[in-house]
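[1] Provided below are the primary sequence and the corresponding predicted coordinates.
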Amino acid sequence: MAPMPADPNAPLAAPLTVGFDLDMTLIDSRPGIHAAYRALSAETGVWIDADLAVTRLGPPLELELAHWFPADRVQEMADRYRALYPAYAIEPTLAMPGARDAIQAVRAAGGRAIVVTAKHQPNAELHLTHLGIEADAVIGWLWAEAKAEALREHGASVYVGDHTGDVRGARTAGALAVSVPTGPCGAEELRAAGADVVLDDLTAFPAWWEAYRAGLAVGSAADFA
């Protein structure tokens, strides 16, 4: 008798944990970050090209501020930017298409969805609360390979991000690197960096997730990487 097909909606023996990046993966923070940079520029009198800055989101804030302030002022300006951020950046920021459905798909299957980001954690939490995106944990202040610390701690087997730094974090953690070219890095750049899966955007995640889980259930998840 042929084996019964696996039910992709049946929970796996051990809940899966999926990590998600925040900026340009779950949220389009460009309008808010643009406004926060403009506010910092107005307050300090130092020119910051906010249009340019929002095209290279992903790395830590201090790396961007180093383009506009001398080294001995970068930390001070980073602290001030983060203090200004809630008043200027939360309201204009939007959820990326498919973000809520991607998180819900993981949780509906009995999995855990965590957010691992380079952003200041309190500000990351403000974004998620404002947009009604419910994560099981939010871990901030981690960039690129350092993201592996949180991914390992929470047992994440998949990490979803938009930047080559997210790919490096996933691979360092031994997690499947799922990428979306919705940020500064294109699909080919993400593949070249080692992404296992490249989706057009998060609207494609629930179908991929269902197929991936079904593959795990029958021992062929590699077919979906």
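    Thanks, I have the structure now. The model shown is predicted, which means the values in this text are computed figures rather than measured ones.
[2] just how off-centre is the helix or strand harbouring Ser157 within its chain?
    Counting by DSSP states H and E, the element that carries Ser157 is strand 156-161. Put simply, strand 156-161 sits 9 Å off its chain's centre (CA atoms, centre = their mean, to the nearest Å).
[3] buried set for that strand?
    Under the neighbour-count criterion of 16 or more other CB atoms under 10 Å, strand 156-161 has Ala156, Ser157, Val158, Tyr159, Val160, Gly161 buried. Any C-beta I mention is one placed from the backbone N, CA and C, and that applies to glycine too.
[4] any idea of the mean pLDDT for that strand?
    Mean pLDDT, strand 156-161: 98.
[5] packing partners for the following helix or strand past that strand?
    Sequence-wise, the next helix or strand downstream of strand 156-161 (DSSP H and E) is helix 164-173. When contacts are defined as 3 or more CB pairs under 8 Å, 6 or more residues apart in numbering; DSSP states H and E, helix 164-173 packs onto helix 147-153, strand 156-161, strand 176-179, helix 187-192.
[6] which outside residues touch helix 164-173?
    By CB atoms under 8 Å, 6 or more residues apart in numbering, the residues outside helix 164-173 that reach it are 19, 21, 25, 58-59, 116, 118, 142-148, 151-152, 156, 158-161, 176-179, 185, 189-190, 193-196.
[7] Mind doing that once more with 6 Å?
    21, 58, 144-145, 147-148, 151-152, 159, 177, 185, 193-195 (CB atoms under 6 Å, 6 or more residues apart in numbering).
[8] quick one, it and strand 156-161 angle?
    170 degrees (axes from the mean of the first three to the mean of the last three CA atoms, to 10 degrees).
[9] So what's the gap between helix 164-173 and the chain middle?
    11 Å.
[10] Could you list the buried residues of that helix?
    Of the residues in helix 164-173, Thr164, Gly165, Asp166, Val167, Arg168, Gly169, Ala170, Arg171, Thr172, Ala173 count as buried by neighbour count, 16+ other CB under 10 Å.
[11] Tell me which two of those sit farthest apart.
    Thr164 and Ala173 (15.1 Å; CB to CB).
[12] just for this protein, where's the confidence low?
    1-14, 220-225 (pLDDT under 70).
[13] Would you mind splitting the protein into its domains for me?
    With domains defined by automatic domain parsing, the chain comprises 17-29+94-224, 30-89.
[14] Give me the distance from the longest one to the chain's centre.
    This means domain 17-29+94-224. With CA atoms, centre = their mean as the basis, domain 17-29+94-224 stands 5 Å off its chain's centre.
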